[in-house]
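A.B. asks: what follows is a predicted protein model with its sequence.
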Amino acid sequence: MELYGAQIDSRLLLGTAQYPSPAKLTGAIKASGTGVVTVSLRRETVAGGSGQDFWSLIQASGARILPNTAGCHSVKEAVTTAQMAREVFGTSWIKLEVIGNADTLQPDVFGLVEAARILGDDGFEVFPYTTEDLGVADRLLRAGCKVLMPWGAPIGSGQGLRNIGGLRSMRAHFPDVPLIVDAGLGRPSHAAEAMEMGYDAVLLNTAVAKAGDPVLMARAFAKAVEAGREAFVADPMLPRDMAAPSTPVIGMADLA
Amino acid sequence: MQISVNGQTREVNATTLDLALEELGFTGGAIATAVNGGFVAAPARAAHPLAANDQLEVLAPMQGG
């Protein structure tokens, strides 16, 4: 998979928040086989505080860094956060979140397009957290985005793909754009479903971090993503309304 | 003078951003700074003046989804 010219081996992008311990986070990153992890910026409480330990841990993982603008509700906040992230993390990649609603954490798509344009003009490679709306997707592409990340369901909800028809339409409408389902997945079957539909990758966090055994769940998601991808490439059969015998009828004995 | 540092009121003598960070103990590690909502890149800190009641944000890597 190629994202902004970078070859990425794993189609599972993993968040780094909410793990019960740094050891579980490290184990989950390894078990997932991910090549891209998401990170954020927050206030440093004391000089040389916990942020530095976390950063050392992430650097040691060897994964590519995708900083986010999580929690930003305005274009200005998101743009400033992206600029700060680029300096700290040394990457022009940014997972752009402009939140429009505090309860659902759905994106403010108007602010998202505006921020994407500003950041794109400033040399960022933007991964926009968006909806499955085709008009918004088109605006984001015109703003310079080369990857789109529609939500599966509200962040952290674990509901899976809430609008399968919409996601199918998006995949069909933008066959050549890398599409990553970001947010809302709860189980490996959700990830497999997205991959079977032809999505290029999935990005998830809570489903792994909040599992009883995050490391085992990371491995389960990795298998599901791989299985879903292979199923898509293998071109699944179409469903039909009536039964069709799989065992040959010709040659049946007359035993009635 | 008093400035706001990550939402907390602090007294600093320094009048430039780089010296204020040193005075506040942010001497190493991966941090990024913003003053009054605007990003100040590391190379620009020495030339960035601070005034009373400025709002300084010092951010560091953190877990994220």
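C.D. replies: Structure received.
A.B. asks: any idea where the helices of chain B begin and end?
C.D. replies: Ranges of helices in chain B, per DSSP state H, are B:17-24.
A.B. asks: where are the low-confidence patches of it?
C.D. replies: Along chain B, the model assigns pLDDT under 70 to no residue.
A.B. asks: tell me which stretches of it form strands.
C.D. replies: In chain B, strands defined by DSSP state E lie at B:2-5, B:8-11, B:32-35, B:38-40, B:55-63, listed in chain order.
A.B. asks: tell me if the fourth one is near chain A.
C.D. replies: Yes. Using CB under 8 Å from any CB of the partner chain, strand B:38-40 reaches chain A at B:38-39. C-beta coordinates here come from the backbone N, C-alpha and C atoms, glycine included.
A.B. asks: who does that strand touch, helix- and strand-wise?
C.D. replies: When contacts are defined as 3 or more CB pairs under 8 Å, 6 or more residues apart in numbering or on different chains; DSSP states H and E, strand B:38-40 packs onto helix A:75-89, strand B:32-35.
A.B. asks: what lines up beside the last one in the sheet?
C.D. replies: What that stands for is strand B:32-35. Looking at strand B:32-35 with DSSP bridges, its partner strands are strand B:38-40 (antiparallel), strand B:55-63 (antiparallel).
A.B. asks: mean neighbour count and distance to residue A:145 added to these, as JSON lines?
C.D. replies: Formatted as JSON lines, these follow (neighbours: other CB atoms under 10 Å in any protein chain shown; distance: least, CB to CB, whole Å):
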{"stretch": "strand B:38-40", "mean neighbour count": "17", "distance to residue A:145": "21"}
{"stretch": "strand B:55-63", "mean neighbour count": "22", "distance to residue A:145": "24"}
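A.B. asks: in chain A, which spans are strands?
C.D. replies: A:2-3, A:6-7, A:12-15, A:36-43, A:64-67, A:93-96, A:125-130, A:149-150, A:180-182, A:201-204.
A.B. asks: quick one, what contacts the most centrally placed residue in chain B?
C.D. replies: In chain B, the residue lying closest to the centroid (CA atoms, centre = their mean) is residue B:56, at 4.4 Å. By CB atoms under 8 Å, 6 or more residues apart in numbering or on different chains, the residues touching residue B:56 are B:3-6, B:17, B:20, B:33-35, B:50.
A.B. asks: how about the residues of chain A by chain B?
C.D. replies: For chain A, the contact set with chain B under CB under 8 Å from any CB comprises A:15-19, A:25, A:38-49, A:51-52, A:54-55, A:58, A:67-68, A:70, A:76, A:80, A:83-85, A:87-89, A:155-156, A:183, A:205-206.
A.B. asks: hmm, back to that, mind checking which of the strands paired with strand B:32-35 is nearest residue A:198?
C.D. replies: Residue A:198 sits nearest to strand B:55-63 of all the strands paired with strand B:32-35, at 30.7 Å, using CB to CB.
A.B. asks: so who does the residue in the stretch 101-250 of chain A that chain B sits nearest to touch?
C.D. replies: Of all residues in the stretch 101-250 of chain A, residue A:205 sits closest to chain B, at 3.5 Å by CB to the nearest CB. Applying CB under 8 Å, 6+ apart, we find residue A:205 in contact with A:14-18, A:38, A:156, B:65.
A.B. asks: most neighbours among the residues you listed, which one?
C.D. replies: Tallying neighbours with other CB atoms under 10 Å in any protein chain shown puts residue A:15 at the head of the contacts of residue A:205, with 31 neighbours.
A.B. asks: where does chain B come near chain A, residue by residue?
C.D. replies: Within chain B, the positions adjacent to chain A are B:6-7, B:24-34, B:37-39, B:41-42, B:57-65 by CB under 8 Å from any CB.
A.B. asks: swap in 7 Å and give it another go.
C.D. replies: B:6, B:25-32, B:34, B:37-39, B:41-42, B:57-65 (CB under 7 Å from any CB of the partner chain).
A.B. asks: in stretch A:101-117, which residues are buried?
C.D. replies: By 16 or more other CB atoms under 10 Å in any protein chain shown, the buried positions in stretch A:101-117 come out as A:105-109, A:111-117.
A.B. asks: who's in contact with that stretch?
C.D. replies: A:74-75, A:78-79, A:96-100, A:126, A:128-131, A:133, A:136, A:139-140, A:143-145, A:154-155 (CB atoms under 7 Å, 6 or more residues apart in numbering or on different chains).
A.B. asks: mind running it again at 6 Å?
C.D. replies: For stretch A:101-117, contacts defined as CB atoms under 6 Å, 6 or more residues apart in numbering or on different chains pick out A:75, A:78-79, A:96, A:98-100, A:126, A:128-130, A:136, A:139-140, A:143, A:145, A:154-155.
A.B. asks: and the lowest-mean-pLDDT helix or strand in chain A, what other elements does it pack with?
C.D. replies: Every helix and strand of chain A was ranked by mean pLDDT, DSSP states H and E. The lowest is helix A:50-61, at a mean of 90. If you count contacts as 3 or more CB pairs under 6 Å, 6 or more residues apart in numbering or on different chains; DSSP states H and E, helix A:50-61 packs onto strand B:55-63.
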